[in-house]
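*Asks:* Could you work out the structure for the sequence below:
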Amino acid sequence: MDELLLRTETLLAGLATLPLLGIGVGAIVVGLVLWLGGTRYSTAITGVLGAVAGSVAGLLVNQWLHVNPWLCLFIGAAVLAGLFILVKNILVLVLAVLVFSAASGTGYLAVVLDRAIPQSRSQAEAQANQALQYFSGMSLTDRLNYMNQISRETQTFTERLKALLANTWEALGPNGWMVVFALIGGAILGALLIWLIAKIVIALAYSLVGTAGIFIGAQAALLAVGVPLVSDLGARRWLLPIAFLVMAVIGWVWQLFVAGEKKPKKELHKKSGESH
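*Replies:* Numbers count the residues shown, from 1 in each chain. Model prediction:
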């Protein structure tokens, strides 16, 4: 897990303070909603997701139609938001499968990266040979310099992300395709679990995504104020995956037993009438 955490921190550390704060605050807010209220506010969440997707689609369509971009944005947002709400149940199931796929692939990726770190060769030797370098054992400054090197000094976030992904794929070596199989296996497992126990699995998926959002947001916000949490933890980085699992379980249990999905008013009135 160390190598993956360090790579994520290095990618975020390359951003300026204001974008980091924006990402941090936004991810924490969204993460909190999903962590404790994903199932309760699933209709609103799918509507917002549809509006975002529709806005992007509207702006893309505007490139061809050359009409007012705001008109395309609002029409796209309204249409896809309505469509997403209509097919909410199907969409939630699909997203839950994708979450399990991502969790499986990320877990396997973290294990393989840690095992791939050469124990017999020092970081100085790797740098001298200009070979593939692993982020474990490097300072944050060295990692940023290495990121600049592999991304050819390009400062855009997209190019740095592409360079990091390519470097990570190279670091995986012959195990790279196994990550793809792990993604597929996670998706199949998620689909089977949803088929058997949909309510429990969907709540877990919301909790996992919410916890991930909180962690990424907190990491970005701390970097914005000059606190590289992952680097500072050093040998105690094992605390982060443990905290992640604990929070995911808390959010899962909370959504199952406290903040479940809102029942329609008609159904509530019907049940209250039956009780009388």
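
*Asks:* ok, which stretches of the stretch 101-250 of the chain are strands?
*Replies:* According to DSSP state E, counting those that start in this stretch, the stretch 101-250 of the chain carries no segments that qualify as strands.

*Asks:* Run through it and note the low-pLDDT ranges.
*Replies:* With pLDDT under 70 as the threshold, the stretch 101-250 of the chain has low-confidence stretches at 117-132, 152-155, 196.

*Asks:* unless I'm mixing things up, Ala96 is touching Gly190, no?
*Replies:* Yes: the pair Ala96 / Gly190 is scored as a contact, 6.0 Å apart, by C-beta atoms under 8 Å. Every C-beta, even on glycine, is put in place using the N, C-alpha and C of the backbone.

*Asks:* which neighbours do the two share?
*Replies:* Residues touching both Ala96 and Gly190 by C-beta atoms under 8 Å, 6 or more residues apart in numbering: Val201, Ala205.

*Asks:* ok, the nearest residue to Trp35 once chain neighbours are set aside to Thr39 distance?
*Replies:* Computed as C-beta to C-beta, 6 or more residues apart in numbering, the closest residue to Trp35 that is not its neighbour in sequence is Gly210, at 2.9 Å. Distance of Gly210 to Thr39, given as C-beta to C-beta, to the nearest Å: 11 Å.

*Asks:* With Ala78 instead?
*Replies:* From Ala78 across to Thr39, the span is 25 Å (C-beta to C-beta).

*Asks:* Pick out whichever of those two has more residues nearby.
*Replies:* The residue with more neighbours, out of Ala78 and Thr39, is Thr39; 23 against 15, by other C-beta atoms under 10 Å.

*Asks:* Now Gly38: phi and psi?
*Replies:* phi -60, psi -50 (degrees, to the nearest 10).

*Asks:* Need the per-residue pLDDT for it.
*Replies:* Reported pLDDT at Gly38 in the predicted model: 86.

*Asks:* oh, and call the first residue 19 from now on, that's how I've got it
*Replies:* Happy to do that; since the first residue is 19 now, the last one works out to Gly56.

*Asks:* Contact partners for it?
*Replies:* Contacts of Gly56 (C-beta under 8 Å, 6+ apart): Ile63, Ile220, Ala221, Ala223, Tyr224, Ser225, Val227, Gly228, Gly269, Gln273.

*Asks:* Distance-wise, check the closest residue in space to the second one that isn't next to it in sequence relative to Leu162.
*Replies:* The spatially closest residue to Ile220, leaving aside those adjacent along the chain, is Ala114, at 5.1 Å (C-beta to C-beta, 6+ apart). Ala114 sits 36 Å away from Leu162, taking C-beta to C-beta as the criterion.

*Asks:* quick one, helices of the stretch 69-218 of the chain?
*Replies:* Secondary structure of the stretch 69-218 of the chain, counting by DSSP state H, counting those that start in this stretch: helices at 87-104, 106-134, 141-146, 158-168, 175-190, 194-242.

*Asks:* Now render those helices as JSON lines, adding distance to Leu29.
*Replies:* Formatted as JSON lines, these follow (distance: least, C-beta to C-beta, whole Å):
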{"stretch": "helix 87-104", "distance to Leu29": "29"}
{"stretch": "helix 106-134", "distance to Leu29": "14"}
{"stretch": "helix 141-146", "distance to Leu29": "19"}
{"stretch": "helix 158-168", "distance to Leu29": "7"}
{"stretch": "helix 175-190", "distance to Leu29": "6"}
{"stretch": "helix 194-242", "distance to Leu29": "10"}
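
*Asks:* Which of those sits closest to Val51?
*Replies:* Val51 sits nearest to helix 194-242 of all the helices of the stretch 69-218 of the chain, at 7.1 Å, using C-beta to C-beta.

*Asks:* now for the closest one, which elements pack on it?
*Replies:* helix 20-31, helix 35-55, helix 106-134, helix 247-251, helix 257-275 (3 or more C-beta pairs under 8 Å, 6 or more residues apart in numbering; DSSP states H and E).

*Asks:* Now render the ones you listed as CSV, adding distance to Ser73 and mean neighbour count.
*Replies:* Formatted as CSV, those follow (distance: least, C-beta to C-beta, whole Å; neighbours: other C-beta atoms under 10 Å):
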stretch, distance to Ser73, mean neighbour count
helix 20-31, 25, 21
helix 35-55, 16, 18
helix 106-134, 17, 18
helix 247-251, 33, 17
helix 257-275, 28, 16
